[in-house]
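Engineer: 3D, please:
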Amino acid sequence: MEFSKSLQEYSFERVNQETINSLVDLELELWPDNERESLLRDTFVLLDNSDNNIFLVCRKSNQNVGFIHVSLRHDYVEGADFSPTGFIEGIYVEESFRGIGIARKLVECGEVWCREKGCRQLASDIELNNKGSFDFHNSIGFEETNRIICFLKNI
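Structural biologist: Next up, the predicted model:
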């Protein structure tokens, strides 16, 4: 893959069993309400299902500074016309490394994997109040398809 001049000192690599621990450190930054051991266990399971999941990290000087988790969804995906549909389950870049194209490049790498898996679309979702993520998705070509409000009732 060709990188812009500002990203030449970064590498984009697929996560494997040996590199999973540093990925989980970044996942905890994105999802701080999780317990490390539980997230590590869940990520191992997903990593074992490499036909339907890929984890990629962005590295600079042997330090992971961002990641993306993309899955294949065969069930209904809001707004999608095709199945399977690639789905961004999570994407994160450390704050001090934002704004130079790392997230965009991670998504591009995820798109390549999705196309190799026969996907014609890539989907994502965000929390309603996450303006930064909303702006990012719009800036890289995503189109909003729907808004939903989720309900829960204890019984």
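Engineer: what's the model's confidence in stretch 77-93, averaged?
Structural biologist: Mean pLDDT, stretch 77-93: 93.
Engineer: need the distance between the two termini of that stretch.
Structural biologist: 25 Å (C-alpha to C-alpha, to the nearest Å).
Engineer: in it, which residues are buried?
Structural biologist: 77, 80, 84-88, 91-93 (16 or more other C-beta atoms under 10 Å). Every C-beta, even on glycine, is put in place using the N, C-alpha and C of the backbone.
Engineer: how about stretch 117-134?
Structural biologist: Counting neighbours by 16+ other C-beta under 10 Å, stretch 117-134 gives 119, 121-125 as buried.
Engineer: quick revisit: among the buried residues of stretch 77-93, which one sits closest to Asp25?
Structural biologist: Tyr92 (10.6 Å; C-beta to C-beta).
Engineer: is it true that that closest one touches Asp25?
Structural biologist: No - the criterion here is C-beta atoms under 8 Å, and Tyr92 misses it with Asp25 at 10.6 Å.
Engineer: where does pLDDT dip in this structure?
Structural biologist: 1-5 (pLDDT under 70).
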